[in-house]
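J.: Dropping the sequence and predicted coords here.
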Amino acid sequence: MAFKINPPATGATGTTTGTGTIIQPASNNGPRPSTGPKPAFTPRSPRPFPPRDRNFGNRDDKDGVRLNERIRVPQVRLIDEKGEQVGIVETRAALQMARDRGLDLMEVSPNAQPPVCKICDYGKHKYEKKKKEHQARKNQVVVKVKEVQLRPNTDQHDLDYKIKNSREFLEEGDKVKFTILFRGREIAHTEPGFKLVAEVIERLKDVGIVEAPAKLEGKKLIMIMAPNPAAKKK
């Protein structure tokens, strides 16, 4: 098999053999091509970073409250820690007042012109806010809807038992949803269902009022009763 012999590269020496050319690198002592003068190094000016907010790590983003250095407007209407009006002051001066007292400058009305800010302890303010919200949820009345299922031909003993339970639900402040289910051909004769609803209303009228009158939805007759406010006053 024959081999192709390549000529040696420019600037290098080599010897030819039967199998090819052995290339020897050129000497490093020769002059290098000139690339021109190097440009002078110009240091880049430092970027103007905004001042660090010492409350950034403790700031609740969900509240969207601006604190201290995050308040970027030139002037604010200031309220001191005692709740007294200080007036319109420079934001830097208001922030310095808060720092001197070991407190925070909190923006309370950002849409005002100028924005209203208050000097306060933000950690304490946040704790008291959560405490009030917890107390409000604790005092909130949660109304539940209890469902009682009946049949058009429910026997009297079963009806008495379910009306007794419904009375307890209404006295506890819950609503009661009565559902009368019709099966098969019973849907063609809904009179017994409406008659049963009328009996339930009559027996519970002292503790409940009709919130949603009886209404036929498919094969179900549904009626909702709510606690009677007059019964609670008694």
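T.: Received it, and whenever you're ready, just let me know what you need.

J.: So, low pLDDT: which residues of the protein?
T.: For the chain, residues meeting the criterion pLDDT under 70 lie at 1-63, 232-234.

J.: where along it do the strands fall?
T.: For the chain, strands defined by DSSP state E occupy the ranges 13-16, 21-24, 75-79, 85-90, 104-109, 116-120, 145-150, 175-181, 208-217, 220-227.

J.: and the angle for the longest helix along the chain with strand 104-109?
T.: Ranked by residue count under DSSP state H, the longest helix found in the chain is helix 122-139. Here helix 122-139 runs at an angle of 50 degrees relative to strand 104-109 (axes from the mean of the first three to the mean of the last three C-alpha atoms, to 10 degrees).

J.: which of the strands of the chain is buried the deepest?
T.: Highest mean neighbour count of the strands of the chain: strand 116-120, a mean of 23 (counted as mean count of other C-beta atoms under 10 Å). Just so you know, the C-beta spots here come from the backbone N, C-alpha and C atoms, and that holds for glycine as well.

J.: Can you give the domain ranges for the protein?
T.: As assigned by automatic domain parsing, the chain contains the domains 68-136, 145-233.

J.: For Pro74, grab the count of nearby residues.
T.: Neighbours of Pro74 under the rule other C-beta atoms under 10 Å: 8.

J.: which residue packs closest to it, ignoring adjacent ones?
T.: Thr91 (6.0 Å; C-beta to C-beta, 6 or more residues apart in numbering).

J.: So the one you found sits against Val73, correct?
T.: Yes: counting by C-beta atoms under 8 Å, Thr91 does reach Val73; the two are 6.0 Å apart.

J.: The two: who's more crowded?
T.: Under the neighbour definition other C-beta under 10 Å, Thr91 and Val73 were set side by side, and Thr91 has more, 20 against 13.

J.: Next one: that one relative to Glu81, how far apart?
T.: 17 Å (C-beta to C-beta, to the nearest Å).

J.: same question, Gly184
T.: Distance from Gly184 to Glu81, by C-beta to C-beta: 75 Å.

J.: So between the two, which is more surrounded?
T.: Glu81 (14 against 7).

J.: Quick check: the closest residue to that one other than its chain neighbours vs Lys82, distance?
T.: What sits nearest to Glu81 in space, not counting adjacent residues and going by C-beta to C-beta, 6+ apart, is Ile119, at 4.7 Å. To Lys82, Ile119 is 9 Å away according to C-beta to C-beta.

J.: swap in Gly184?
T.: From Gly184 to Lys82 the distance is 76 Å (C-beta to C-beta).

J.: ok, residues contacting stretch 136-148?
T.: The contact list for stretch 136-148 (C-beta atoms under 8 Å, 6 or more residues apart in numbering) reads Lys162, Asn165, Ser166, Phe169, Gly173, Asp174, Lys175, Val176, Lys177, Phe178, Thr179, Ile224.

J.: Noted, bye for now.
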